[in-house]
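Visitor: structure for this input, please:
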Amino acid sequence: MDARFGPYEFALTKDEFIAYGREVARRQLVQLDAKSWRLAVFAGLAILAVLGGLAASGVADKSTLTTGLLASAGAIVIGRFMIRRQIARAQDMAIEALAKAGEGYGAPVTLAIGEAGLTIEMGGTRDVRAFAEVRETARFAGLLVFWSGPNDGVALPERVLADAAEGEAILAFVRERLAA
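Guide: Purely as a prediction, here's the structure:
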């Protein structure tokens, strides 16, 4: 293990797990928002095509077409927001249920940060995550998180560090390698 920082031995607490889970959920919703707006535009175009066909054939008058357009646009926007709200609620419930059941946290983890990347040992399994796989780092809720994707991050609780300066040094070290 070519540890420049660590190895750090820890187990996530329930509060740390919940904070991490909520951040994953937030990141997933950002991706979902981008996709859902694209789908809303597609649905709007489909409605315009139908209404345009009705207008061209003379089957419907102008006020009926306008009412249909406004009602359809309203339904798309309201539906999009309601679906997003339900997904966010389901995510919160799932995180709380996992936290209540004690799944996802409490297992001993060893994390070292070196020139090769992050070395994680958990449950008898060792994984080396090269810096090429890490997209970004973040600091929130007492955690340093090294993200490989929207749902995939390695969390290091700041409570296991010597002080806040060590956290800043780790972030600077990792960010320098991400920029390279």
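Visitor: dead centre of this protein: give me the residue that sits there.
Guide: By C-alpha atoms, centre = their mean, the mean C-alpha position of the chain lies nearest to residue 27, the distance being 2.4 Å.
Visitor: give me the three-state assignment for that residue.
Guide: What DSSP: H, G, I helix; E, B strand; the rest coil gives for residue 27 is helix.
Visitor: out of everything not next to it in sequence, what's closest to it?
Guide: Ranked by C-beta to C-beta, 6 or more residues apart in numbering and with sequence neighbours excluded, the top spatial neighbour of residue 27 is residue 150, at 4.4 Å. Bear in mind the C-beta positions are built from the backbone N, C-alpha and C, glycine included.
Visitor: poorly predicted segments of this protein, please.
Guide: For the chain, applying pLDDT under 70 flags the ranges 1-3, 103-104, 180.
Visitor: mind doing that once more with 80?
Guide: The model of the chain has pLDDT under 80 over residues 1-3, 98-106, 150, 179-180.
Visitor: so where does residue 50 fall, helix or strand?
Guide: helix 14-57 (DSSP states H and E).
Visitor: what is that helix packed up against?
Guide: Applying 3 or more C-beta pairs under 8 Å, 6 or more residues apart in numbering; DSSP states H and E, we find helix 14-57 packed against helix 62-101, strand 136-140, strand 143-147, strand 153-157.
Visitor: and of those, who's closest to residue 172?
Guide: Nearest of the helices and strands packed on helix 14-57 to residue 172, taken as C-beta to C-beta: strand 136-140 at 9.6 Å.
Visitor: got a list of contacts for the closest one?
Guide: By C-beta atoms under 8 Å, 6 or more residues apart in numbering, the residues outside strand 136-140 that reach it are 19, 23, 144, 145, 146, 147, 158, 167, 171, 174, 175, 178.
Visitor: in TSV, list those residues along with distance to residue 118.
Guide: Output for the contacts of strand 136-140, formatted as TSV (distance: C-beta to C-beta, whole Å):
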residue	distance to residue 118
19	19
23	18
144	11
145	11
146	6
147	11
158	16
167	15
171	13
174	8
175	13
178	12
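Visitor: pull out the buried members of the residues you listed.
Guide: 19, 23, 144, 145, 146, 147, 158, 167, 174 (16 or more other C-beta atoms under 10 Å).
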